[in-house]
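Novice: with the sequence up front, the predicted model follows.
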Amino acid sequence: MKKVWITLAVLVVIIGGLGLVAPTSMHIEREVTINKPKAQVFSYLKSLKNMSVWSPWAKMDPNMKVEYRGVDGAVGSVSAWSGNSKVGQGEQEVKNILDGERIDFELRFEKPMKDTSTAYLITEAVNDTQTKVKWGMSGKSPFPRNIICFVMNMQKKLTASFDEGLTNLKGILEKQN
């Protein structure tokens, strides 16, 4: 019985220690330069339907169900998804558009765990024919979720997904006339 109590005490110390060192917030920002004018890139980015084409999560579940509400490309438009365990369930709403510059989103996750995060897309003209796109996301990870995210290395996984999505976006836009 003493060994059980010692084991439990060690587990509590480990979990408590991880809870103290694991970050309670996350911010990811990745960027890509696309060989297209800023106006063309921004116009494409405003559409949630277009995002379904270049998003890395769409590839993770080809049978994912997506529903769109509102006017695509406008503040208040929503894409709601439901898919396998890799993509989960939730919705994304366009909260603000600074025309030609920035789009802000609210991400509301239902599965695999309930959470709300914010995301954005920013466009910057490099020159007349090139545009830098920044894609970012921020969210909170309170205890004990911070331990789960830390152990699963969510920051690294999401960074890789953002890189993949931006590579997809670049490929699609650079093929357009």
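Specialist: Arrived safely.

Novice: can you classify the closest residue in space to residue 55 that isn't next to it in sequence as helix, strand or coil?
Specialist: Using CB to CB, 6 or more residues apart in numbering and skipping residues adjacent in sequence, the residue nearest residue 55 is residue 165, 5.6 Å away. (Glycine included, C-beta is placed from N, CA and C.) Going by DSSP: H, G, I helix; E, B strand; the rest coil, the secondary structure assigned to residue 165 is helix.

Novice: how close does residue 165 get to residue 31?
Specialist: 12 Å (CB to CB, to the nearest Å).

Novice: which residues do these two both contact?
Specialist: residue 135 (CB atoms under 8 Å, 6 or more residues apart in numbering).

Novice: who has more neighbours, these two?
Specialist: residue 165 (20 against 14; other CB atoms under 10 Å).

Novice: just to check, the more buried one is in contact with residue 52?
Specialist: No. Applying CB atoms under 8 Å as the test, residue 165 and residue 52 come out as separate, 11.1 Å apart.

Novice: helix, strand or coil for residue 62?
Specialist: Under three-state DSSP, the three-state class of residue 62 is coil.
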